[in-house]
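Undergrad: Kindly generate the corresponding structure for this input.
(chains A and B)
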2 protein chains.
Amino acid sequence: MKHYYAVIMAGGVGTRFWPMSTTQHPKQFLDVLGNGETLLQQTYNRMVKICPKENIFVVTSHNYRTLVSEQLPAMIGENILCEPARKNTAPCIAYASYKIHKLDPKAITVVAPSDHLVKNEETFVKGITSCFEKAAKHDCLITLGIKPTRPDTGYGYIQFIDSDVDETDKRINKVKTFTEKPNHEMAQFFMESGDFLWNSGIFVWSTKSILSALETHDPELANLFREGYDYYNTGREKEYIERAYATCKNISIDYSVMEKATNVYVRSSIFGWSDLGTWGSLYTHIDHDENGNALVGKNIITYNCSDCIVQVPKDKLVVLQGLEGYIVVESEGVLLVCKKEDEQLIRTFVHDVKVKKGEKYV
Amino acid sequence: MKHYYAVIMAGGVGTRFWPMSTTQHPKQFLDVLGNGETLLQQTYNRMVKICPKENIFVVTSHNYRTLVSEQLPAMIGENILCEPARKNTAPCIAYASYKIHKLDPKAITVVAPSDHLVKNEETFVKGITSCFEKAAKHDCLITLGIKPTRPDTGYGYIQFIDSDVDETDKRINKVKTFTEKPNHEMAQFFMESGDFLWNSGIFVWSTKSILSALETHDPELANLFREGYDYYNTGREKEYIERAYATCKNISIDYSVMEKATNVYVRSSIFGWSDLGTWGSLYTHIDHDENGNALVGKNIITYNCSDCIVQVPKDKLVVLQGLEGYIVVESEGVLLVCKKEDEQLIRTFVHDVKVKKGEKYV
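TA: Down below sits the predicted model:
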């Protein structure tokens, strides 16, 4: 296990979960399920089962460094990497990979978002471990794919080739295509064909393989971060990174590498995954009362309410009557009541609030 | 004006306005219209236009003494009378009347609740002043009656005799009957007949007249408070009052005196009155936006909402979408969302909250 590493990406700002998620306090730092652990803490605790604690890195921004330290008190400070700017996943992965590679050229890494839900931890651990084993033996880039349960148009889809099965893990298949956010018709087709998986954004590879792929498929980005190699894990790392991010482009790892590389694999996984991208997706993962209400909070009393999702601070007393299919959220002194079927409007609300009432509320 | 006095009754606990109104912080101490003044402050400010400041008394309970002092900093402490127990209006009026009569046997008093709304202050002042003049000249008990605008079954109705008109104020008429909370049919009849007015619970009389009426119609109550006459306005008043209230019955001034006395008059008044007994009655007195929403709060944003009443703390950001005909109230950390047409259920909510979550919330 000593060459196993984890990179947890925790720099995102989720506005679809507003007002629970805000720029000051994004989704990964929240206990969205109301079970006492934030999504970041859950992610970290999963990783502890996969690799040594000292091999776990969190990449975030300066703004969230304190939140990360507070929520993960067992982490050593130098494993919290702060990006000077948000530049999407590729720069984050390039930076962390060069840094880890310098520490341990035999490193095998899992890279994962910090704000996703994984309900079946055991299956997750087993899946990642299997990927680690393959990545240790072969020059390959593995992504975790989720069997679609609905024709969701918000996800990326990965087509795999059934014939090219891994010798030890039949769930690992070669990737044929990546398709970002298809229309409904296409998503329906993808789901029915059985050859497509959702892209979970969780990756496994050796630092050697990902750095080699970056150098081949995105030499501009690779060069920028390779130039700092001498500085990583020294007192000059921060200074270099500040400079690198100032000129670095904004690009996803999918676009930068995965869609171009030929050694990409996907492991189909069933571990109760959700990216918790919408209130609706959270709703399906919270226990419901007999009227289909998903209530997160200890003092919520409902009368004649059904199919609602309510998320309020633990101690807040909330009495609701006569609501059907509503989202009721209170967080950081902001209250939102909105029809569940209209939740896509939340982006509009956030925009309007920002314009009318100022940044502090979003 | 020096013989003019005001007694403001501020001991009530309104639960129909929960969670805005709570036992800890009842309606009279709240800025229900969101205009910067509590109902008590509005009541006091009306009285200041009618009589000298030092002649204004507030009767409340020990629990609310601090709230009264804070909200009416211009009041002298000894004019805040604290009832040791809630015994309805007759004991309160008997106590204040004997006390004021001892200070000034020529006193003319207006007695008024502290939690009602009066929109037209000028008309109110004119009406009370006219009643003061009549009460100074004649041995009479005057109540203020409001022309009914709907067949409300929650109010008391006063039937007046049109023929017996006062010589100077044609709006003052002799009272024929009092009827408490009629059924809908009767209320409809009362309203249509034109001979009935709502009982506002605002009274004008000389202390001489009300004390004489009390001694005639409720000698038991009169005796109890007359016995303390020597102690009023001395260091021993409090001790006596504690003792008197311990044995005192619970009775309204209507039942104790007004329904029995023969020298009762009513002045029909139009000063935009409401007892603010329900959210619905408050709704009619708050400005509405173009969709019929009555919004009290500075940071409320609505999308596709209509006929709602929203009352939240000034600084609270509230975003509401897709609500029709709802009450949304946040107060003291408690949130209520309830259909306007079901507001009578609030009594049930308050009861359930008390049982399930404890007294602190109600």
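
Undergrad: can you map out the helices along the stretch 101-250 of chain A?
TA: In the stretch 101-250 of chain A, the helices defined using DSSP state H, counting those that start in this stretch lie at A:121-137, A:184-193, A:207-217, A:219-226, A:237-247.

Undergrad: nearest to chain B, of those?
TA: Chain B lies closest to helix A:184-193 among these, at 23.5 Å (Cβ to the nearest Cβ). All C-beta spots, glycine's among them, are computed from the backbone N, C-alpha and C.

Undergrad: returning to what we had before: what about the helices of the stretch 101-250 of chain A, which gets the closest to B:Arg226?
TA: For B:Arg226, the closest of these is helix A:121-137, at 78.9 Å, according to Cβ to Cβ.

Undergrad: what sits up against the closest one?
TA: Residues outside helix A:121-137 that contact it (Cβ atoms under 8 Å, 6 or more residues apart in numbering or on different chains) are A:3-4, A:46, A:49-50, A:108, A:110, A:118, A:140, A:142, A:144, A:166, A:168-169, A:171-172, A:202, A:204-206, A:209, A:265, A:267, A:269-272.

Undergrad: Keep only these that also lie close to chain B.
TA: Checking the contacts of helix A:121-137 against chain B by Cβ under 8 Å from any Cβ of the partner chain, not one of them is in range.

Undergrad: Show only the entries of these found in strands.
TA: The members of those that map onto strands under DSSP state E are A:4, A:108, A:110, A:118, A:142, A:144, A:172, A:202, A:204-206, A:265, A:267, A:269.

Undergrad: Now the two most distant members of those.
TA: Maximum pairwise distance in the ones in strands among the contacts of helix A:121-137, criterion Cβ to Cβ, is 22.9 Å, between A:Val118 and A:Ser206.

Undergrad: Please say which of these two ends up with more neighbours.
TA: A:Ser206 (25 against 21; other Cβ atoms under 10 Å in any protein chain shown).

Undergrad: Got a ChimeraX select line for the buried ones in the contacts of helix A:121-137?
TA: In ChimeraX syntax, the buried subset of the contacts of helix A:121-137 is picked out as below (16 or more other Cβ atoms under 10 Å in any protein chain shown):
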select /A:3,4,46,50,108,110,118,140,142,144,166,169,171,172,202,204,205,206,209,265,267,269,271
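
Undergrad: on that earlier part again, looking at the ones in strands among the contacts of helix A:121-137, which has the smallest pLDDT value?
TA: Lowest-confidence member of those: A:Ser269, scoring 89 (pLDDT).

Undergrad: wait, A:Lys119 sits on A:Ile270?
TA: No - contact criterion Cβ atoms under 8 Å: A:Lys119 and A:Ile270 do not qualify, at 10.0 Å.

Undergrad: ok, back up a step: which among the ones in strands among the contacts of helix A:121-137 gets closest to chain B?
TA: Of all those, chain B sits closest to A:Val118, with 30.7 Å by Cβ to the nearest Cβ.

Undergrad: Run through the bridge partners of that closest one.
TA: For A:Val118, the beta-bridge partners are A:Trp273 (DSSP bridges).

Undergrad: returning to what we had before: can you tell me which of the ones in strands among the contacts of helix A:121-137 lies nearest to B:Gly156?
TA: Checking those one by one against B:Gly156 (Cβ to Cβ), the nearest turns out to be A:Val118, at 64.4 Å.

Undergrad: so who does that closest one touch?
TA: A:42-43, A:46, A:124, A:271-273.

Undergrad: how close does A:Phe17 get to B:Ile270?
TA: 52 Å (Cβ to Cβ, to the nearest Å).

Undergrad: and chain A, which residues reach chain B?
TA: Going by Cβ under 8 Å from any Cβ, the residues of chain A near chain B are A:19, A:299, A:301, A:303, A:312, A:315-323, A:326, A:328, A:330, A:333-339, A:342, A:345, A:348-349, A:352-353, A:356-357, A:361.

Undergrad: who's in contact with A:Ala294?
TA: Contacts of A:Ala294 (Cβ under 8 Å, 6+ apart): A:282-283, A:286-288, A:308-310.

Undergrad: What is the burial count for the residue in the stretch 51-200 of chain A that chain B sits nearest to?
TA: Nearest residue of the stretch 51-200 of chain A to chain B (Cβ to the nearest Cβ) works out as A:Gly154 at 20.4 Å. Neighbours of A:Gly154 under the rule other Cβ under 10 Å: 14.

Undergrad: How many residues are close by A:Asn120?
TA: 14.

Undergrad: and it, how far is that from B:Asn250?
TA: Distance of A:Asn120 to B:Asn250, given as Cβ to Cβ: 63 Å.

Undergrad: before we move on, the earlier item: wait, which of the helices of the stretch 101-250 of chain A is closest to B:Thr89?
TA: So among the helices of the stretch 101-250 of chain A, helix A:121-137 is nearest, using Cβ to Cβ, at 65.4 Å.

Undergrad: relative to helix A:207-217, how tilted is that closest one?
TA: 70 degrees (axes from the mean of the first three to the mean of the last three Cα atoms, to 10 degrees).

Undergrad: May I have helix A:121-137 as PDB, with CA atoms only?
TA: The C-alpha coordinates for helix A:121-137 follow below in PDB (Å, rounded to 0.1, in the frame of the first residue of the first chain):
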ATOM      1  CA  GLU A 121     -17.900   2.200   0.800                       C
ATOM      2  CA  GLU A 122     -16.800  -1.400   0.700                       C
ATOM      3  CA  THR A 123     -17.500  -1.800  -3.000                       C
ATOM      4  CA  PHE A 124     -15.800   1.500  -3.600                       C
ATOM      5  CA  VAL A 125     -12.700   0.400  -1.800                       C
ATOM      6  CA  LYS A 126     -12.600  -2.900  -3.600                       C
ATOM      7  CA  GLY A 127     -13.000  -1.200  -7.000                       C
ATOM      8  CA  ILE A 128     -10.300   1.300  -6.400                       C
ATOM      9  CA  THR A 129      -7.900  -1.300  -5.100                       C
ATOM     10  CA  SER A 130      -8.500  -3.400  -8.200                       C
ATOM     11  CA  CYS A 131      -7.700  -0.300 -10.300                       C
ATOM     12  CA  PHE A 132      -4.600   0.300  -8.300                       C
ATOM     13  CA  GLU A 133      -3.400  -3.200  -9.000                       C
ATOM     14  CA  LYS A 134      -3.900  -2.700 -12.800                       C
ATOM     15  CA  ALA A 135      -2.300   0.700 -12.800                       C
ATOM     16  CA  ALA A 136       0.700  -0.600 -11.000                       C
ATOM     17  CA  LYS A 137       1.300  -3.200 -13.700                       C
END
